[in-house]
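> Sequence first, then the predicted structure:
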Amino acid sequence: MIDFKIKVVDKLEELKLDISREEIISLIEIPPESSMGDYAFPVFKFAKTFKKAPNLIAEELAGKLTKGEFFSNIVNTGPYINFFVNNELLTKEVLEGVLNNKKFGSKNIGLGKTAIVEFSSTNIAKPFHIGHLRSTVIGNSINNILKYQDYNTVAINYIGDYGTQFGMMISAYKKWGSKEIIDRDPINGLLDLYVRYNKEAKENEVLMDEARYWFDRLEKKDKEALELWQWFKDISLKEFNRVYELLGVKFDNYNGEAYHSQFMGEVIKELEEKNLLKESEGAIIVDLEKYDLPPVLIKKSNGSSTYITRDIATAIYRKKTYDFYKNNYVVASQQRLHFQQLVAVLKEMGYEWADDCVHVSFGMVSMKDGAMKTREGKVIFLEEVLNQAISKTNEIIENRNPDLENKEKVAKEIGVGAIIFQDLFNNRIKDYVFDWDQVLNFDGETGPYVQYANARASSILNKVNFQVEENVDYTLLKEEEEIAIIKILDNFSNVLENAANKLEPSFVTRYSVELAKAFNRFYNSCPISSAEENLKSARLLLTYATKVVLTTSLNLLGIAAPEKM
């Protein structure tokens, strides 16, 4: 496809302005209103050279440029040279691009590169609660976006299945546990044990000593400890997989802390050989003072390993195994220090790829009635939230369209999609409050709104049994609402490139709302079925292109695109 921004650069180079092509690109802007053109070039920096007011410079330079085939007009507006794209050529390029490209919008920037995306990372023997939603859906969307750009992606669920907390769980089960109760209701049963142990440990310090004792036995492959740990893990993953199935999330592997603990010995040996280890109050640390960071605890005074030791081992293992271009950790912003320390230790070890380990941080989700505290049992199960969304959607469907086919399937797609969409709508680093009133709104900037626009486009196409025709007259698409859609479709590749480079799904979410709004304006202003035959064909093709990009956008977010609603 033609990159009209590059054509603007080509035109500006004709002026021989004594600045580099790269600088020209960096200066080009998108005007705030379409009436001011499609691209604008400010001339303020040339005031000293030309010794004129910027508006006079822009007028002089614009007068030297000819429109050529790519532009319908080139004029100055104040201190800017404004470029108006040739809309007939743009329309042809965009619509044929959708028709001829199975991955419309992809710039294939990931070819030959492997990107690891670690996300969700639930802890076994604990509930899969609403707090895990963010990492799960942000990571899944990033994985989808990178894959669409032809990265070789590896989706990893780095499950929390190691550490002192499992010593606590083993000790708690041996004291108060019942296999019958756990089998009947695994996560609630394990949560009750976890909450009770934490509560009683506040009054009885011996319990924490017992927890550390059992974790030490687990690290030493004690048969009883291993069997209990494996049981907790198996029943937890079985519960978690129901939620992943609801969300449509899949992983390439579940290699978590326990799996990578086998490589810790090699890491500690390497740190030792490189003279990076120091003793501090009986524990072993790596000093990171030169990075203005606190020291990293590698081994506790009782000889137990630590979380970051496993993370160091994991990073090295992943580089050896996948030779990754980027190793992305989709983890909450509270862990910022941890990942700064991880990268710093890898640098101290001499690994040039240390900075390719990227912390993809995000803000927290909270409920209107306050924060969650797993240790106190104050949690909201994600599965319950998803099922509630499906139930609420079912009620809406019964009221609005009771004869809809496959109501249960559609209710699931809309309800789950609504929750994912709300989570991904704002910049990932922002905190947000989960709000039922907003989630299932069919009229606001929500998932159901975008899904409905997509379903409306599908309905239009299905009614006429749409087939792609040859020789469609693109010049007939000249209404303001039609050109607005074309320009939004043309911007899809830039949106996807930015989303991939900045690991930011909200770019796609907001884009899909913008496209849905533009399509609804087009639908209300430009008749399709009653239009003259050639115009009808052109508008159907525009509807088809819109549907393709809306469906693609929703799927990249991890959301289904139902044909009927």
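Cool, the structure landed.

> got any ranges where the protein has weak pLDDT?
367-379 (pLDDT under 70).

> buried sites along stretch 484-495?
The neighbour-count check on stretch 484-495 (16 or more other C-beta atoms under 10 Å) flags 484, 485, 486, 487, 488, 489, 490, 491, 492, 493, 494, 495 as buried. Where you see a C-beta, it was placed from the backbone N, CA and C, and this is true even at glycine.

> Show me the two of those residues that sit farthest apart.
Across the buried residues of stretch 484-495, the longest distance by C-beta to C-beta is 17.5 Å; it joins 484 and 493.

> Tell me which residues are up against the strand or helix carrying residue 449.
Following DSSP states H and E, one finds residue 449 within helix 447-463. Around helix 447-463, the neighbours that count as contacts under C-beta atoms under 8 Å, 6 or more residues apart in numbering are 413-414, 417-422, 439-443, 466, 512-513, 515-516, 519-520, 523, 528-529, 540, 543-544, 546-547, 550-551, 553-554, 559-565.

> so how far is residue 358 from residue 424?
To residue 358, residue 424 is 19 Å away according to C-beta to C-beta, to the nearest Å.

> Who has more neighbours out of these two?
With neighbours defined as other C-beta atoms under 10 Å, residue 424 and residue 358 compare such that residue 424 has more, 26 against 16.

> from what I can see residue 440 touches residue 418, true?
Yes: counting by C-beta atoms under 8 Å, residue 418 is a contact partner of residue 440 at 5.3 Å.

> Tell me, how many residues neighbour the spatially closest residue to residue 280 that is not a sequence neighbour?
Spatial nearest neighbour of residue 280, excluding adjacent residues (C-beta to C-beta, 6 or more residues apart in numbering): residue 295 at 6.9 Å. Counted with other C-beta under 10 Å, residues neighbouring residue 295 total 14.

> Pull the contacting residues for residue 295.
So residue 295 contacts 278, 280, 285, 286, 287, 288, 289 (C-beta under 8 Å, 6+ apart).

> same thing but at 7 Å, please
280, 285, 286, 287, 288 (C-beta atoms under 7 Å, 6 or more residues apart in numbering).

> Kindly indicate which of those lies nearest residue 178.
Ranked by distance to residue 178 (C-beta to C-beta), the contacts of residue 295 are led by residue 285 at 41.4 Å.

> Let me know the secondary structure of that closest one.
With DSSP: H, G, I helix; E, B strand; the rest coil as the basis, residue 285 sits in strand.

> That one against residue 300, yeah?
No: look at residue 285 against residue 300 with C-beta atoms under 7 Å: they stay out of range, at 10.3 Å.

> Restricting to C-alpha, output stretch 320-334 in PDB.
Only the C-alpha atoms of stretch 320-334 are listed here, as PDB (Å, rounded to 0.1, in the frame of the first residue of the first chain):
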ATOM      1  CA  LYS A 320      19.500 -20.300  25.700                       C
ATOM      2  CA  THR A 321      16.300 -22.000  24.700                       C
ATOM      3  CA  TYR A 322      14.600 -19.400  22.500                       C
ATOM      4  CA  ASP A 323      17.300 -16.800  21.700                       C
ATOM      5  CA  PHE A 324      14.600 -14.200  22.300                       C
ATOM      6  CA  TYR A 325      14.500 -10.700  20.800                       C
ATOM      7  CA  LYS A 326      12.500  -9.600  23.800                       C
ATOM      8  CA  ASN A 327      11.500 -11.300  27.000                       C
ATOM      9  CA  ASN A 328       8.400  -9.500  28.200                       C
ATOM     10  CA  TYR A 329       7.100  -9.800  31.800                       C
ATOM     11  CA  VAL A 330       3.500  -8.700  32.000                       C
ATOM     12  CA  VAL A 331       3.500  -8.000  35.800                       C
ATOM     13  CA  ALA A 332       1.900  -5.300  38.000                       C
ATOM     14  CA  SER A 333       3.800  -2.000  38.500                       C
ATOM     15  CA  GLN A 334       4.400  -2.800  42.200                       C
END
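
> Tell me the buried residues in it?
Neighbour-count burial for stretch 320-334 [16+ other C-beta under 10 Å]: 324, 325, 326, 327, 328, 329, 330, 331.

> And the next helix or strand past whichever strand or helix holds residue 139?
Following DSSP H and E, the helix or strand that holds residue 139 is helix 133-148. Counting by DSSP H and E, the next helix or strand C-terminal to helix 133-148 is strand 152-156.

> neighbouring contacts of that next one?
With contacts defined as C-beta under 7 Å, 6+ apart, strand 152-156 is touched by 113-118, 143, 146-147, 250-253, 255, 322.

> Can you flag which of the residues you listed belong to helices?
In this view, these that belong to helices under DSSP state H are 143, 146, 147, 322.

> okay, now the closest residue to the third one other than its chain neighbours: neighbour count?
Leaving aside its sequence neighbours, residue 147 sits nearest to residue 153 (C-beta to C-beta, 6+ apart; 4.7 Å). As a burial measure, residue 153 scores 22 neighbours (other C-beta under 10 Å).

> Then the one 5 residues further on?
When neighbours are counted by other C-beta under 10 Å, residue 158 registers 24.

> Checking it next. Helix, strand or coil?
With three-state DSSP as the basis, residue 158 sits in coil.
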